[in-house]
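**Student:** A structural model of the following input is requested.
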Amino acid sequence: MGRAVLSCLIGSALWRIAALGIVLLGFAADSSIPVTAGASSLEARRQPMKFGWVACDPNCGAWISAVGIVTVDTPKDFEDFARDRNLGGATVVLDSSGGSVNDAITLGRRWRKLGLATTVGISVPAASPLGNRPRIDGNAYCESMCVFLLLSGQTRFVPEGARVRVHQIWMGDRAEDARAASYTAQDMSIVERDIGRLAKFTFEMGGTGDLLSLALSVPPWEDLHELSRAELRDTNLITTQAIADLLPGLGTAPAKTVASAGPKPVQDRFASQPAPATKTAEALPTGGTAPAQPGH
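**Tutor:** Sure thing, here's the model as predicted:
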């Protein structure tokens with residue numbers, strides 16, 4: 001069966017990068033910190049999702065860093081990461097441009113089963129007299145299917161400055177010119193099926209119809225819709241106003257400018273992909289202006 005994906009696509013060069021396959025890089029030691037601030041964060045969330053364990057020294061809390069797009073391999077990559085770790089009740093810090101609908105649903109259900117909490121942010125190092133004390137910079141992106149991963153947290157926090165943005169499910173290989181593309185009855189069946197799966201997941205996770213309504217009202221030829229603080233509350237994407245409810249004793253880094261925070265022209269966000277034989281395509285990220293590509 002094919003799968004519908006959120007159509008946040010930015011360039012054929014990035015598609016070729018994603019097509020090389022997923023490698024869980026992780027970090028060599030549990031105390032390692034992924035430094036993904038500014039422009040480097042933009043590049044990181046364009047790549048297949050990577051997981052890292054970020055710990056303080058001395059023990060002042062720890063969390064899971066999840067950066068990048070969800071692909072067909074991401075649920076397995078998470079299982080590999082989780083092996084031999086006791087992750088029950090841990091917090092996931094997301095910086096992601098979304099990805100595959102069905103694989104994000106699978107991953108989200110796994111996170112809920114583990115009782116994980118979720119938030120949006122970038123892990124950054126911060127030295128102190130006490131040693132290594134990493135912080136979370138709330139100026140990060142959670143877009144398209146990342147929003148539903150955020151919803152899968154048992155407890156959910158979105159810091160000021162985080163960009164939480166949604167749009168429709170679409171056939172990814174026809175997102176460049178969605179209105180002019182042709183669609184078969186099977187294509188429409190795939191989209192309808194996956195909308196149903198997403199709706200079921202949303203209500204299972206405690207989300208509201210408002211979230212689905214907001215997401216499904218934004219076609220691929222328009223800019224993603226950024227949720228306001230009121231909409232974050234109305235959709236049940238946030239369950240607490242304090243990061244301390246997820247990570248006691250941890251603050252967030254001071255606000256700063258995020259690379260490419262402004263709205264992007266449609267042509268910067270969408271590009272065609274080769275359509276696999278199963279009529280499926282993996283979503284590629286947005287959240288920043290794509291670098292110039294030869295021939296584009």
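
**Student:** please count neighbours and contacts with C-alpha atoms only from this point.
**Tutor:** Fine.

**Student:** count residues in the vicinity of Gln186, would you?
**Tutor:** 12 (other CA atoms under 10 Å).

**Student:** surely it is in a helix?
**Tutor:** Yes: according to DSSP: H, G, I helix; E, B strand; the rest coil, the state of Gln186 is that of a helix.

**Student:** and it, how far from Ala178?
**Tutor:** Gln186 is 16 Å from Ala178, where distance means CA to CA, to the nearest Å.

**Student:** how about Leu212?
**Tutor:** For Leu212 relative to Ala178 (CA to CA), the value is 20 Å.

**Student:** how about Thr240?
**Tutor:** 38 Å.

**Student:** these two: which is more packed in?
**Tutor:** Comparing Thr240 with Ala178 by other CA under 10 Å, the one with more neighbours is Ala178, at 19 against 15.

**Student:** for the more buried one, what are its contacts?
**Tutor:** If a contact means CA atoms under 8 Å, 6 or more residues apart in numbering, then Ala178 has 220-221 as its contacts.

**Student:** show me the shaky parts of the stretch 1-150 of the chain.
**Tutor:** 1-40, 57-60, 127-132 (pLDDT under 70).

**Student:** show me the strands in it, by range?
**Tutor:** Along the stretch 1-150 of the chain, counting by DSSP state E, counting those that start in this stretch, strands occupy 5-6, 50-55, 62-67, 91-95, 117-120, 122-124, 127-128, 131-132, 135-137, 141-143.

**Student:** for the third one, name the packing helices and strands.
**Tutor:** Other elements packing on strand 62-67 under the criterion 3 or more CA pairs under 8 Å, 6 or more residues apart in numbering; DSSP states H and E are strand 50-55, strand 91-95.

**Student:** ok, the shortest one: who's next to it in the sheet?
**Tutor:** This means strand 91-95. strand 62-67 (parallel), strand 117-120 (parallel) (DSSP bridges).

**Student:** output it as PDB, nothing but the C-alphas.
**Tutor:** The C-alpha coordinates for strand 91-95 follow below in PDB (Å, rounded to 0.1, in the frame of the first residue of the first chain):
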ATOM      1  CA  THR A  91      11.500  13.800  27.900                       C
ATOM      2  CA  VAL A  92      11.900  14.100  24.100                       C
ATOM      3  CA  VAL A  93      13.200  17.500  22.800                       C
ATOM      4  CA  LEU A  94      12.000  17.900  19.200                       C
ATOM      5  CA  ASP A  95      13.500  20.000  16.400                       C
END
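
**Student:** name the residues that touch that strand?
**Tutor:** The contact list for strand 91-95 (CA under 8 Å, 6+ apart) reads 41, 45, 62-68, 116-123, 140-142, 146, 150, 246-247.

**Student:** angle of it against strand 50-55?
**Tutor:** Interaxial angle of strand 91-95 relative to strand 50-55 (axes from the mean of the first three to the mean of the last three CA atoms, to 10 degrees): 130 degrees.

**Student:** show me what contacts Leu149?
**Tutor:** 104-105, 107-108.

**Student:** in stretch 154-170, which residues are buried?
**Tutor:** Across stretch 154-170, burial judged by 16 or more other CA atoms under 10 Å covers 154-159, 161-170.
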